[in-house]
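Visitor: Structure of the sequence below:
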Amino acid sequence: MATRTQVMQLLSDGHSYETAAAELGISAGEAFMVATGLPADGSGAPRPEERREVPQLPASSQHLSNPPAFNPTSSPAVLDWVRERAHAELSPPQP
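Guide: Numbering: from 1, shown residues only. Below you'll find the model as predicted:
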């Protein structure tokens, strides 16, 4: 798990939450939560005194909580397997 120190260092080096998260192998929402202690979906609004202590975003953090899904349409390993199965099924039996 990434530490607050790691996330904060990347942010101070100029990374966004998205690029810091990629660097650490976590989601952007997790990077935001590690850095701020707040959920990225906006459900944990900080008190005014807490707001000064956490890194601020210019806008909502909602986009960090639900990154777009990745659904690959093909996989080379699966295509190779299908090709082998089709070849085995369609080839004449060997004597």
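
Visitor: What count of nearby residues applies to V78?
Guide: Neighbours of V78 under the rule other C-beta atoms under 10 Å: 10. (Each C-beta comes from the backbone N, C-alpha and C, glycine too.)

Visitor: now stretch 28-45: mean pLDDT?
Guide: For stretch 28-45, mean pLDDT is 82.

Visitor: mind listing the strands for this protein?
Guide: Counting by DSSP state E, the chain has no strands to list.

Visitor: All the helices of it, residue numbers only.
Guide: 4-12, 17-24, 28-36, 48-51, 62-65, 76-90 (DSSP state H).

Visitor: just how off-centre is the last one within its chain?
Guide: Averaged C-alpha coordinates place helix 76-90 at 32 Å from its chain's average position (C-alpha atoms, centre = their mean, to the nearest Å).

Visitor: Once you drop chain neighbours, what's closest to the most centrally placed residue in the chain?
Guide: Most central in the chain under C-alpha atoms, centre = their mean is S27, positioned 3.0 Å from the mean C-alpha point. Counting by C-beta to C-beta, 6 or more residues apart in numbering, S27 lies nearest to A21, which is 5.7 Å off, once chain neighbours are set aside.

Visitor: Quick one: neighbours of the one you found, just the number.
Guide: Other residues lying near A21 total 23 when counted by other C-beta under 10 Å.

Visitor: How about T73?
Guide: For T73, the neighbour count with other C-beta under 10 Å is 4.

Visitor: I'd say the residue nearest to S27 and A28 touch.
Guide: Yes: shown here, A21 and A28 form a contact pair, counting by C-beta atoms under 8 Å, at 4.4 Å.

Visitor: Next, find the distance separating W81 from P93.
Guide: Using C-beta to C-beta, to the nearest Å, W81 is found at 21 Å from P93.

Visitor: So for these two, which residue has more residues nearby?
Guide: Per other C-beta under 10 Å, whichever of W81 and P93 has more neighbours is W81, with 11 against 4.

Visitor: pLDDT wise, what is that one at?
Guide: With respect to pLDDT, W81 scores 93.

Visitor: Now do it against Y17, distance only.
Guide: W81 is 38 Å from Y17, by C-beta to C-beta.

Visitor: cool, R85 as well?
Guide: Applying C-beta to C-beta, the value for R85 to Y17 is 44 Å.
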